[in-house]
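In: A structural model of the following input is requested.
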Amino acid sequence: MIAIPSQLASVAANVTDKFAKGGVADLRPVPRVLIDRGPNRSVYRMTGQQPPASGDPVLLVPPLAAPALCFDLRRGCSLAEHLTDAGRRTYLVDYGSVAFADRNLGIEHWIDDVLPRTIRKVSDDAGGRPVHVVAWCLGGIFSVLTAADRPELPIASLTTIASPFDYTAIPLVAPFRPLVEFTGGHILTPFYRMFGGAPSAVVTQVFRATGIDKEITKPLAILRNLDDRDYLAQIEAVDHFMANMLAYPGRTFGQIYHRFFRANDLSAGTFALDGRTISLSKLDVPTLVIAGENDSIAPRRAVERLVGLLENTPETRFRVAPGGHLGVLTGRRARSTTWRHVDEFVDEHASPR
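Out: The predicted structure is shown next:
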């Protein structure tokens with residue numbers, strides 16, 4: 001294929017910006033103001049929209065270990081920017097960094113404290129309107145458990161993106177199950193107890209390993225797309241995201257390992273926590289479940305399992321969108337697929353006032 005002059009000009013401009021100016025991606029975060037803060041909880045209201053914000057608030061809930069910038073990856077490919085530019089009241093909860101001192105924090109910390117307080121604060125800040133919760137990966141699991149456990153919370157709708165509820169349906173973990181069971185599940189226990197959790201460097205490497213084929217071919221892909229500024233910007237933004245991965249608290253990591261991975265408790269639709277049992281069948285808000293068609297961390301069958309567990313929601317909608325685990329949330333194609341599904345669902349379930 002022979003490059004045309006316009007392509008050569010684009011290549012020259014992109015290479016110059018990448019190496020002389022530090023990159024082509026616009027990584028500026030959407031402007032925001034802090035409205036609430038507590039242990040492992042900073043709640044922000046986005047302020048970057050052009051039209052005045054109105055309607056029900058939308059709360060973006062990240063998982064643990066991954067930085068909250070998953071919702072604000074880069075300008076032009078940021079769900080937070082998309083929502084605020086549409087004039088929606090948009091909020092984000094950020095858990096901050098996890099230190100060794102946080103090693104005793106368990107799942108109940110997020111379900112009993114962090115998310116309920118965040119949801120109530122967002123509702124209050126938006127004039128008492130109910131909240132549309134949009135959550136990714138483990139953030140979706142925690143949000144579902146919170147909503148099922150606390151029906152009094154002002155939640156208008158719930159959207160989970162790439163949140164697995166059947167860990168036996170994840171091919172990546174299948175080869176490790178025999179070894180885990182042979183050791184009685186103790187193969188990782190000394191590790192996370194010693195380090196107080198899963199260190200951020202380990203989380204980064206595991207995340208990269210799930211897309212090892214793309215990591216290997218990335219240099220060649222960059223060379224082939226030197227004229228595509230949007231492609232190069234997305235690569236830079238994902239690298240920035242990966243460089244900011246966080247640690248898991250030790251107790252939470254242990255619960256995820258033993259309860260989600262080993263026992264596959266979530267697939268049964270109930271979860272025992274702190275002396276009580278949370279039943280997912282009690283979740284009673286409209287729920288949108290989105291899976292990535294190329295997601296190896298949370299494949300379609302693992303994500304779709306949630307649909308069969310929700311017996312009392314006014315509506316449970318399932319959609320598959322292009323992309324892998326991060327791509328389905330904030331890939332370039334998410335702009336016309338996942339984000340459109342979220343927009344439609346929020347609009348359809350908006351409160352009347």
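In: Shouldn't residue 255 be within a strand?
Out: No. Applying DSSP: H, G, I helix; E, B strand; the rest coil, one finds residue 255 to be helix, outside a strand.
In: What values do phi and psi take at the nearest residue to it once chain neighbours are set aside?
Out: Excluding its sequence neighbours, the residue lying closest to residue 255 (CB to CB, 6 or more residues apart in numbering) is residue 107, at 5.0 Å. Every C-beta, even on glycine, is put in place using the N, C-alpha and C of the backbone. Taking degrees, to the nearest 10, you get phi -50, psi -40 for the backbone angles of residue 107.
In: right, and residue 107 touches residue 252 too?
Out: Yes. Using CB atoms under 8 Å, residue 107 is in contact with residue 252, at 5.7 Å.
In: hang on, the earlier thing: tell me how many other residues crowd the residue nearest to residue 255.
Out: Neighbourhood size, residue 107 [other CB atoms under 10 Å]: 23.
In: Pretty sure residue 145 sits in a strand.
Out: No. Checked against three-state DSSP, residue 145 lies outside a strand; its state is helix.
In: wait, what's in contact with the closest residue to residue 41 other than its chain neighbours?
Out: Sequence neighbours aside, residue 114 is the residue nearest to residue 41 in space, at 4.9 Å (criterion: CB to CB, 6+ apart). By CB atoms under 8 Å, 6 or more residues apart in numbering, the contact list for residue 114 reads 38, 39, 40, 41, 93, 95.
In: Which among those residues count as buried?
Out: 40, 41, 93, 95 (16 or more other CB atoms under 10 Å).
In: Walk me through which strands whatever helix or strand the third one lives in pairs with, and which way each runs.
Out: In other words, residue 93. Counting by DSSP states H and E, the element that carries residue 93 is strand 88-94. Strand 88-94 pairs in its sheet with strand 41-46 (antiparallel), strand 54-61 (parallel), by DSSP bridges.
In: To residue 331, which of these lies closest?
Out: strand 54-61 (16.4 Å; CB to CB).
In: coming back round to it: tell me the mean pLDDT for the strand holding residue 93?
Out: When pLDDT is averaged along strand 88-94, the result is 97.
In: next SSE after that strand?
Out: helix 107-109.
In: For the closest residue to residue 266 other than its chain neighbours, what are phi and psi?
Out: Nearest non-adjacent residue to residue 266, counting by CB to CB, 6+ apart: residue 165, 4.6 Å away. Backbone geometry at residue 165, expressed as degrees, to the nearest 10, gives phi -120, psi 0.
In: Tell me if residue 220 really is in a helix.
Out: Yes. Residue 220 forms part of a helix when assessed by three-state DSSP.
In: out of the contacts of residue 114, which one sits closest to residue 310?
Out: For those, the nearest to residue 310 is residue 93 (23.1 Å; CB to CB).
In: Tell me how far that closest one lies from residue 51.
Out: According to CB to CB, to the nearest Å, residue 93 stands 24 Å off from residue 51.
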